[in-house]
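Student: Everything below, folded, please.
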Amino acid sequence: MYPKYIYILIYLLSLSVGILNYKKIKGTKMMLFLYILSLGLIAETVGYYVGYYAKVRNTFPVYNIYELLSVSAYFFLFRSFINSKTKRRITLGLLVSIIVFGIFNFIFKYPSILTYQLDTWMYCAVCFIIVILMYLIDLFNMDTILKVKEVLLFWVAIGNLLFFIGFLPVFTLSTYFNYNGIWDYTVLSLNIMMSLFYITGFIFSKRKYNNPSFINNPDT
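Tutor: Residues are numbered from 1 along each chain as shown. Here you go, the predicted structure:
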C-alpha cells in the first residue's frame, strides 16, 4: 500500500511547476487554474492531517467541500474559454443543475455532511465531461488548433477528460464490488497521469494562449 501523503506530493509537484512558469499565466484567466491546484493541495493536506494525525476516520466533509469549490471554479474557467454563447449558457446551466442535484441529494438521500455525496459526484463527473468536450470542439474549430500544444487549458482539459473517463467505470463498480487494492492503485495512476498533463501544459504553453482574448468571432 502506498503512503496516503503521495497525493499531497502530486499536487505539490504540479503547483510547483505552475509557479515556475508563473510568467506565462500571470494576469490571465489561467491564474484560476493555479488557485484550483492550490485548493487541491490544501484539501489533500487537511484530509491527510485529519485522517492520519487527528485520527478522524471520516474525512468526507473535507472532500465534499473541496469538490464543490473546485468543480465550480473549473466550470467558470472553461466557460470563459468557450467560443459559443450557447455552449457558455449550457455550461452555466450544468453547474446550476449540479448545485440543485446536490441540494436535493443532501436533503433527501445523504442528509449529512459526514456522508460522501456519491450520486452528486457521479452526476458532476458526467457534466464535467460534457463541458470539456464542448470546449475541445470549440478549440478544434479554431485556427489555434495548429498551436494547440501551446494552450495550457487544452492540456488541463485532456488530463481531466482521461481521468474521468477512466475513473467513472471504476468508481461505479466499486459500489458493487470490494476490491480496495485495485481501486487505490487505479485512482493513484489516474491522478499521476492527470498531473503529467498539467505539467506538460505549464511547460509548453505560451502566455498569449492563456487568456480568452485569442478567441475571435464568437457566435451571436
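Student: Pass me the low-pLDDT residue ranges in the protein, would you?
Tutor: Scanning the chain for pLDDT under 70 picks out 1, 51-60, 110-116, 143-146, 174-181, 214-220.
Student: At which residues are the strands of it located?
Tutor: For the chain, strands defined by DSSP state E do not occur.
Student: any idea where the helices of it begin and end?
Tutor: 6-20, 22-25, 31-48, 60-81, 85-108, 118-140, 152-174, 180-204 (DSSP state H).
Student: who's in contact with residue 187?
Tutor: 167, 170 (Cβ atoms under 8 Å, 6 or more residues apart in numbering). For the C-beta atoms, the positions are set from N, CA and C on the backbone; glycine is no exception.
Student: how many other residues sit next to residue 25?
Tutor: 21 (other Cβ atoms under 10 Å).
Student: pretty sure it contacts residue 36?
Tutor: No. Counting by Cβ atoms under 8 Å, residue 25 does not reach residue 36; the two are 11.9 Å apart.
Student: of all the helices of the chain, which lies closest to residue 212?
Tutor: helix 60-81 (5.2 Å; Cβ to Cβ).
Student: list the buried ones in the closest one?
Tutor: Within helix 60-81, the residues that qualify as buried are 60-64, 66-68, 70-71, 74-75, 77-81, counting by 16 or more other Cβ atoms under 10 Å.
Student: any idea how far it is from the chain center?
Tutor: Helix 60-81 sits 7 Å away from the centroid of its parent chain (Cα atoms, centre = their mean, to the nearest Å).
Student: what's the angle between it and helix 152-174?
Tutor: Angle of helix 60-81 versus helix 152-174, following axes from the mean of the first three to the mean of the last three Cα atoms, to 10 degrees, is 140 degrees.
Student: Residues contacting helix 60-81, please?
Tutor: For helix 60-81, contacts defined as Cβ under 8 Å, 6+ apart pick out 29-30, 32-33, 35-36, 39-40, 43, 46-47, 50, 88, 91-92, 94-95, 98, 102, 113-117, 121, 124, 128, 131-132, 134-135, 138-139, 153, 157, 160, 212, 215.
Student: From those, list the buried ones, please.
Tutor: For the contacts of helix 60-81, a burial check counting by 16+ other Cβ under 10 Å picks out 29-30, 33, 36, 39-40, 43, 46-47, 50, 88, 91, 94-95, 98, 102, 116-117, 121, 124, 128, 131-132, 134-135, 138-139, 153, 157, 160, 212, 215.
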